[in-house]
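Colleague: quick one: sequence and predicted model below, then my questions.
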Amino acid sequence: MFNKSFITFLILSMLNFLGCYSSEVISRKDLNEGLARIDFDSEINITTVDYNNYNFLPGHYQIENDTLSGEGRTIKLGKSNTYTGKIAMNDILSFEQDKLDVGGTIGLVLGVAAVGFVTAALIVSASISDAFNHD
């Protein structure tokens, strides 16, 4: 019984830890029109019009006027190198950030717990029914 409880707790903890992450791609057009915004507390991946990729960690980039500047990594032809510099907003094709859906994570954990509870209740009720029905 202890092992089953521990395994159940471990599975629920892993689901809560992993959560429901999604990757949000923000186009320069959406950003300019105010339909989306950048979360400066999250890591950001940038794709430029010449399809170079840049990665900046939280706190290592900023946007001033029409320029993104910061310290990060550039990925060209599969090679990753350190990068310090500026990128003009007109040269950026898209921004990509990972988002955590807290509501979805809570729903997932509660859903798995509910299924486990119903399954356990059915097993216990079947055991009790078998104990009282001697055929």
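Modeller: Arrived safely. Note that the structure is a prediction, hence the values are computed from the model and not measured.

Colleague: K86 and S69 touch, don't they?
Modeller: Yes - between K86 and S69 there is a contact under CB atoms under 8 Å: 4.3 Å. Where you see a C-beta, it was placed from the backbone N, CA and C, and this is true even at glycine.

Colleague: higher neighbour count, the two?
Modeller: S69 (14 against 10; other CB atoms under 10 Å).

Colleague: distance check, that one against G103.
Modeller: Distance, S69 to G103, using CB to CB, to the nearest Å: 34 Å.

Colleague: before we move on, what about E64?
Modeller: E64 is 34 Å from G103, by CB to CB.

Colleague: for the protein, what spans make up the strands?
Modeller: Here the chain has its strands, by DSSP state E, at 21-27, 44-48, 53-56, 61-64, 67-76, 79-88, 92-100.

Colleague: now do the buried residues in the last one.
Modeller: Taking 16 or more other CB atoms under 10 Å as the neighbour-count basis, strand 92-100 is seen to contain the buried residues 92, 94-95, 97.

Colleague: let me know the closest of those residues to T48.
Modeller: Each of the buried residues of strand 92-100 was scored against T48 by CB to CB, and I92 proved nearest at 5.8 Å.

Colleague: nothing else from me, thank you.
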